[in-house]
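Student: Sharing a model that was predicted from the sequence below.
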Amino acid sequence: MSIEDRPSTSRLENLPKELQSLILQNLPDCTTLRALIRSSTTYHTSYLGQRQFILSQVLLNELGPECLFLACALEQCSIISDLHTSGAEFLTRMFNGFFIHYYDQLETAKDGDWLEGKDLDTVISITRLHWLIVSVASIYLTQLAKNPLTKAISRNQGPPSRHEIQRVVRALYHFEIYCSLFTSRTLYSPAENFEDHVSLSGPQYGTSLRYLPNIDVADAEGVACLREHLNNYYTKLMWSSDGCGKELRRLQETPPVWMRELEQTSASNHSSWAGEYGDEKIEYWISLGLRFFLRLARAPTPEAQAEILYHEPWRRKYFLSKALNGECPSLNRICGAHNRHTHDTTSERGSRISAWWRTSDRGLVGYERKERQLWGYVFWDQKRLDSWMEEKASS
């Protein structure tokens with residue numbers, strides 16, 4: 001096609017309003033939609049005239065019905081995380097209400113019109129949460145430039161495929177839903193009790209063990225991969241010999257005034273920023289979810305990263321660990337119903353899970369599961385994994 005044959009911007013903008021609307025509705029993702037309406041006053045006007053409908057359709061184009069169900073669930077459960085001061089009984093009712101609908105709809109997620117009946121504010125909220133997911137996915141996917149087996153730039157690797165991106169996005173949604181429901185809390189003032197905010201109540205803790213065994217086993221392993229990635233990321237920041245780690249040690253040796261006051265007023269509940277609690281602090285940072293990670297990743301300097309970490313000194317144990325290992329009885333109950341998906345190896349579902357674990361190295365022979373999780377092995381197409389092994393064999 002010659003330059004003269006290409007449709008000009010003016011010709012596209014002179015299309016009838018109905019065609020402009022169809023173009024907007026059929027865009028593949030929110031990033032493309034954003035680019036178009038920012039670059040064209042005409043399309044921006046058309047978009048505003050049908051904002052809710054167009055935005056809903058583009059979200060469906062990008063996510064598909066199953067992932068759009070997760071996006072709607074994240075919007076709903078993110079509200080729960082803002083209600084933790086309302087009392088344990090009220091929170092329990094909110095949890096039960098969420099899980100009753102969530103698990104009833106999870107198995108038929110591909111058949112639902114999940115944005116039907118949602119108002120514009122809710123659709124915008126879902127879109128903003130999706131931007132968070134997409135932003136973190138973009139950072140996570142940059143690791144594909146290197147072969148994790150050789151630590152060198154991969155010779156034959158292209159950009160991530162659509163399926164690879166979808167797997168990462170699904171795992172990020174599951175991870176953030178878990179964090180929104182079961183995250184520990186920061187203190188609101190030095191006088192508040194440390195344990196009241198960092199520990200989950202009994203009902204919440206029990207439910208937290210049941211969430212991941214109820215989703216698809218490959219999705220749960222995707223969450224495990226993300227957790228391993230974040231654990232590695234925070235560990236490097238905390239213990240680096242220079243940069244962020246060095247600044248954290250300086251702050252520990254010379255605490256700012258606000259930290260000295262906090263330690264004086266809550267000495268019985270809050271331990272100092274001592275290194276022996278490093279693993280528990282990392283568990284806590286992981287529990288703060290993707291917004292916290294994104295804030296750190298976008299911090300302009302290592303010193304800024306250290307400042308962010310130092311302002312979140314609380315500790316936590318076993319965040320996600322027990323749930324990811326399936327440490328819950330086979331007949332755990334959520335909302336009074338038997339747990340559909342169990343790790344009971346005598347059940348049909350349990351047998352499939354056991355078979356999956358036995359064959360889930362995906363060709364990465366000779367590597368421990370933790371190593372494979374760090375590489376995000378469940379996200380990548382088999383062609384990519386095979387290429388990694390071939391490069392390792394020839395190196």
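Tutor: Sure thing, it's come through.
Student: Going by C-alpha atoms from here, please, whenever you check contacts or count neighbours.
Tutor: Will do.
Student: Residue ranges of each domain in the chain, please.
Tutor: 8-49, 64-394 (automatic domain parsing).
Student: who touches the residue most central in space within the chain in this structure?
Tutor: When Cα atoms, centre = their mean is applied to the chain, the residue found nearest the centroid is L172 (2.9 Å). Residues near L172 by Cα atoms under 8 Å, 6 or more residues apart in numbering: I133, A137, V223, L226.
Student: element containing the first one?
Tutor: For I133, the enclosing helix or strand under DSSP states H and E is helix 120-141.
Student: go on, the third one?
Tutor: When elements are assigned from DSSP H and E, V223 belongs to helix 217-239.
Student: Can I get the helix or strand following that helix in PDB, CA atoms only?
Tutor: The helix or strand immediately downstream of helix 217-239 is helix 244-253, counting by DSSP H and E. Written as PDB, here are the backbone C-alpha positions of helix 244-253 (Å, rounded to 0.1, in the frame of the first residue of the first chain):
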ATOM      1  CA  CYS A 244      18.200   0.400  49.500                       C
ATOM      2  CA  GLY A 245      19.700  -2.200  51.900                       C
ATOM      3  CA  LYS A 246      22.500   0.300  53.000                       C
ATOM      4  CA  GLU A 247      19.900   3.000  53.500                       C
ATOM      5  CA  LEU A 248      17.700   0.700  55.600                       C
ATOM      6  CA  ARG A 249      20.600  -0.100  57.900                       C
ATOM      7  CA  ARG A 250      21.400   3.600  58.300                       C
ATOM      8  CA  LEU A 251      17.800   4.200  59.300                       C
ATOM      9  CA  GLN A 252      18.000   1.300  61.700                       C
ATOM     10  CA  GLU A 253      21.100   2.700  63.400                       C
END
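Student: Between helix 217-239 and helix 244-253, find me the angle.
Tutor: 60 degrees (axes from the mean of the first three to the mean of the last three Cα atoms, to 10 degrees).
Student: circling back to that earlier point, lowest-confidence stretch among the domains of the chain?
Tutor: Comparing mean pLDDT across the domains of the chain, the lowest value falls on domain 64-394: a mean of 76.
Student: For that one, measure first residue to last.
Tutor: 40 Å (Cα to Cα, to the nearest Å).
Student: How far away from the center of its chain is it?
Tutor: Centre-to-centre, domain 64-394 and its host chain are 6 Å apart (Cα atoms, centre = their mean, to the nearest Å).
Student: Longest helix in the protein, by number of residues?
Tutor: Counting residues, the longest helix in the chain under DSSP state H turns out to be helix 51-80.
Student: mind listing what's buried in it?
Tutor: Within helix 51-80, the residues that count as buried by 16 or more other Cα atoms under 10 Å are 51-63, 65-78, 80.
Student: follow-up on the earlier one: which of the domains of the chain sits most buried?
Tutor: domain 64-394 (a mean of 17; mean count of other Cα atoms under 10 Å).
Student: for the stretch 151-300 of the chain, what spans make up the helices?
Tutor: Assigned by DSSP state H, counting those that start in this stretch, the helices in the stretch 151-300 of the chain fall at 162-182, 194-198, 202-211, 217-239, 244-253, 257-265, 278-287, 289-297.
Student: could you dump these to TSV with distance to L12?
Tutor: Output for those, formatted as TSV (distance: least, Cα to Cα, whole Å):
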stretch	distance to L12
helix 162-182	28
helix 194-198	55
helix 202-211	48
helix 217-239	42
helix 244-253	50
helix 257-265	58
helix 278-287	47
helix 289-297	37
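Student: Looking at those helices, which is nearest to D361?
Tutor: helix 217-239 (11.6 Å; Cα to Cα).
Student: who touches that closest one?
Tutor: Under Cα under 8 Å, 6+ apart, the answer for helix 217-239 is 167-168, 170-172, 174-175, 212-213, 244-245, 248, 278, 282-283, 285-286, 320, 324, 353, 370, 372-379.
Student: Relative to N61, how far out is L248?
Tutor: 44 Å.
Student: Equivalent analysis for Q143, please.
Tutor: Relative to N61, and taking Cα to Cα, Q143 is found at 26 Å.
Student: again, but for L209
Tutor: Counting by Cα to Cα - L209 and N61 are separated by 33 Å.
Student: got it, and L55?
Tutor: 10 Å.
Student: for A109, what are its contacts?
Tutor: Contacts of A109 by Cα under 8 Å, 6+ apart are P65, E66, F69.
Student: change it to 6 Å
Tutor: The contact partners of A109, taken as Cα atoms under 6 Å, 6 or more residues apart in numbering, are E66.
Student: Likewise for the one 5 residues further on?
Tutor: W114 is in contact with F69, counting by Cα under 6 Å, 6+ apart.
Student: I'd assumed it was in a strand, is it?
Tutor: No - counting by DSSP: H, G, I helix; E, B strand; the rest coil, W114 falls outside a strand, being coil.
Student: Stretch 45-58: end-to-end distance?
Tutor: Stretch 45-58 end-to-end distance (Cα to Cα) = 17 Å.
Student: hmm, who's touching it?
Tutor: Q25, D29, L120.
Student: Kindly recompute the last result at 8 Å.
Tutor: 17, 20-21, 24-30, 33, 37, 115, 119-120, 123.
Student: how distant is it from the center of its chain?
Tutor: For stretch 45-58, the distance to the chain centre is 27 Å (Cα atoms, centre = their mean).
Student: Identify the residue nearest R167 in space, chain neighbours excluded?
Tutor: Nearest residue to R167, sequence neighbours excluded (Cα to Cα, 6 or more residues apart in numbering): F379, at 5.4 Å.
Student: should've said Q76
Tutor: F98 (7.8 Å).
Student: Check the gap between the one you found and H130 for me.
Tutor: 20 Å.
Student: before we move on, the earlier item: state the distance from the residue nearest to Q76 to L120.
Tutor: Relative to L120, and taking Cα to Cα, F98 is found at 21 Å.
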